[in-house]
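got a predicted structure here, sequence first:
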Amino acid sequence: MHRVIIIGATSAIAEATARRYAARGARLYLIARRAQRLEDLAQDLKIRGAADVAFGTLDVNHHAAHVDAFAKAWSWLEKVDVVLIAHGTLPDQSECERSADHAVSEFNTNGTATISLMTIAATELEAQRHGVLAVISSVAGDRGRQSNYLYGAAKAAVSTFASGMRQRLAKVGVTVITIKPGFVDTPMTQHFQKGALWAKPDAIARGIVRAVDRRRSVIYLPWFWSIIMLIIRHIPEPIFKRIKL
């Protein structure tokens, strides 16, 4: 039986992942901001087959509360097999360009807060010498693009941090997985026009659970984003500066 902590549990991708673990009879501890939404989700997951579900509230930007949030989750589960960090926002790039305060706030949510949570989770997993820490980064972190470079910079920080942590924790039997989704059709992206490259949250969730099962290191979801980003990363800078991405 899996014992799973999900941070940002009410996001579309996290909910879909939680449903897949519920169907396996997992014990789930959910962490997000809204208590009522968490309570509703917990009841739904029990109906879907979860062995048990508990939850706690957390504003990820309140860094001082991170340790206590994990302590409660670990105490309830006793042992943890999987930690999934799945919170995030999609910043307004134009507003980030106009306001340094807004830019720093969004970087904190998508970068610094994630790094804080990863650090605390890693300490616990290292102590038990077992488990998987999976963190949702993004293809946006592979190369800064004018359309979303604040978000991309935060995700690049998360990916680099995860890379170093993966190398460190591999020696004690802990797996760190960097998850890099492309375009996902969620409430956060509802104002975007959708096309062939867009995936549904459940498709991403399926890939996340498979990556955990297989102890992968870095995974692009859907898979074809690995090819797209390989091309984008290798566009020469003089050409890259002239194109719109």
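In hand now; what should we look at?

the longest helix along the chain: what's the following helix or strand?
When the chain is parsed with DSSP state H, its longest helix is helix 149-169. Next along the chain after helix 149-169, taking DSSP states H and E as the criterion, comes strand 174-181.

export that next one to PDB, keeping only CA atoms.
Extracted in PDB, the C-alpha atoms of strand 174-181 (Å, rounded to 0.1, in the frame of the first residue of the first chain):
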ATOM      1  CA  VAL A 174      15.700   7.900  -2.400                       C
ATOM      2  CA  THR A 175      14.500   8.700  -5.900                       C
ATOM      3  CA  VAL A 176      14.000  12.300  -7.000                       C
ATOM      4  CA  ILE A 177      11.900  12.800 -10.100                       C
ATOM      5  CA  THR A 178      11.700  16.000 -12.200                       C
ATOM      6  CA  ILE A 179       8.300  16.100 -14.000                       C
ATOM      7  CA  LYS A 180       8.200  18.500 -17.000                       C
ATOM      8  CA  PRO A 181       4.700  18.900 -18.400                       C
END
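
so where do the strands sit in the protein?
Using DSSP state E, the strands assigned to the chain run over residues 3-7, 27-32, 52-57, 82-85, 131-136, 174-181, 218-221.

now mean neighbour count too, for these, in TSV please.
For every residue, glycine as well, the C-beta is placed using N, CA and C. Below are the strands of the chain laid out as TSV (neighbours: other C-beta atoms under 10 Å):
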stretch	mean neighbour count
strand 3-7	27
strand 27-32	26
strand 52-57	19
strand 82-85	26
strand 131-136	25
strand 174-181	24
strand 218-221	20
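
any chance of the ones you listed in JSON lines, plus distance to residue 16?
Putting those into JSON lines (distance: least, C-beta to C-beta, whole Å) gives the following:
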{"stretch": "strand 3-7", "distance to residue 16": "11"}
{"stretch": "strand 27-32", "distance to residue 16": "13"}
{"stretch": "strand 52-57", "distance to residue 16": "15"}
{"stretch": "strand 82-85", "distance to residue 16": "11"}
{"stretch": "strand 131-136", "distance to residue 16": "12"}
{"stretch": "strand 174-181", "distance to residue 16": "12"}
{"stretch": "strand 218-221", "distance to residue 16": "12"}
